[in-house]
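*Asks:* Need the 3D shape of this:
(one chain, ligands or ions: 2)
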Amino acid sequence: MPSEVRILFIGDVVGGLGRRTLLKLLPELRERLDPTFVVVNGENSAGGLGITPKIADELFAHGVDAVTLGNHAYKRREIYPYLDRERRIVRPANYLRSHPGRGVTVVERDGVRLGVVNLSGNLFLQAGRPLFPEADAAVAELRGKVDHILVDVHAEATSEKIGLGWHLDGRVTAVVGTHTHVPTADLRVLPGGSAYITDVGMTGPRGGVIGVRKEQAIEAMLTQLPVRFETSEDDPWLMGVLVSCSQPLRADAIEQVLERG
Ligand SMILES: [Fe+2]
Ligand SMILES: [Fe+2]
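*Replies:* Ligands and ions are numbered 1, 2, ... in the order given. Here you go, the predicted model:
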């Protein structure tokens, strides 16, 4: 395995604007950051909600190694058979066993094996099974089979994500939080050697309200009446983290990647 491994993880890609921003910036980021792996959270990539086979295929065609999801995983029915068939896309591992797809996968590049785990928080989100035991089960499933493990914990509550970071510290390469679409400033390598951030943020319009057109979001909050939401097209940003590693299952550094689109 190469001595230096770098994992570029990109936060929730929101709608067409998020996709265009990602695909536009990715070649330059590859050149500058030289990532071994690129992993993208795609739960909002189809018009802000869910993902379609066509969009997932487009991401893979651009060299994305794995796609993670979250609470919008099942918004588009056409993705269900794709989730069962395509090994490079994962939905939360702690969803019901009867749900389409898988929550743990292994991707390989340059002779390096990366385990990718997607998990959902239990607070304020619907996940059929508990987060912490299923995180342990996912790590156990990958033990001895991979050089690195990246965990995307898709959760609303900061406490749950921080708790999981400490719980998995020393057993995985990185625990990265997603779902709030707002990047946090607490990124660090924990004492056991796992990189951690509570939320990576999103790749989409910073000029909206977590992806929604701000006028519509404000109207809904102001009037407390139903409003049809559309994805904002205002002020695109790419938000991610780069995790650098020189030993198996350990991170040397984690840095934020925040780029104006
Ligand atoms: Fe999201
Ligand atoms: Fe989400």
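*Asks:* If I look at the residue of the stretch 101-250 of the chain found nearest ligand 2, what pLDDT would I see?
*Replies:* Going by C-beta to the ion, ligand 2 is nearest to residue 179 of the stretch 101-250 of the chain, at 3.9 Å. Just so you know, the C-beta spots here come from the backbone N, C-alpha and C atoms, and that holds for glycine as well. We have a pLDDT of 98 for residue 179.
*Asks:* Residue 43 is in contact with residue 71, correct?
*Replies:* Yes - with contact defined as C-beta atoms under 8 Å, residue 71 counts as touching residue 43 (7.0 Å).
*Asks:* any idea how far ligand 2 is from residue 22?
*Replies:* The gap separating residue 22 from ligand 2 is 17 Å, by C-beta to the ion, to the nearest Å.
*Asks:* Can you find the residue of the chain that comes nearest to ligand 1?
*Replies:* residue 12 (3.6 Å).
*Asks:* any shared contact partners between residue 71 and residue 43?
*Replies:* Shared contacts of residue 71 and residue 43, defined by C-beta atoms under 8 Å, 6 or more residues apart in numbering, comprise residue 154.
*Asks:* and these two? which has more neighbours close in?
*Replies:* Shown here are residue 71 and residue 43; by other C-beta atoms under 10 Å, residue 43 has more neighbours (28 against 23).
*Asks:* Show me where the stretch 151-261 of the chain dips below the pLDDT cut-off.
*Replies:* Across the stretch 151-261 of the chain, no stretch falls below the confidence threshold (pLDDT under 70).
*Asks:* all helices of it, in order?
*Replies:* 158-168, 214-223 (DSSP state H, counting those that start in this stretch).
*Asks:* just these: most buried one?
*Replies:* The highest mean neighbour count among the helices of the stretch 151-261 of the chain, using mean count of other C-beta atoms under 10 Å, belongs to helix 158-168: a mean of 19.
*Asks:* so does that one get close to ligand 2?
*Replies:* No - using C-beta under 5 Å from the ion, helix 158-168 stays clear of ligand 2, with a minimum separation of 12.5 Å.
*Asks:* can I get the CA coordinates of that helix in PDB?
*Replies:* Provided in PDB are the C-alpha atoms of helix 158-168 (Å, rounded to 0.1, in the frame of the first residue of the first chain):
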ATOM      1  CA  THR A 158     -24.100  17.100  17.500                       C
ATOM      2  CA  SER A 159     -24.000  15.100  20.700                       C
ATOM      3  CA  GLU A 160     -24.600  11.800  18.900                       C
ATOM      4  CA  LYS A 161     -21.900  12.500  16.300                       C
ATOM      5  CA  ILE A 162     -19.400  13.600  18.900                       C
ATOM      6  CA  GLY A 163     -20.200  10.500  21.000                       C
ATOM      7  CA  LEU A 164     -19.700   8.200  18.000                       C
ATOM      8  CA  GLY A 165     -16.400   9.900  17.200                       C
ATOM      9  CA  TRP A 166     -15.100   9.100  20.700                       C
ATOM     10  CA  HIS A 167     -16.600   5.600  20.600                       C
ATOM     11  CA  LEU A 168     -14.900   4.700  17.300                       C
END
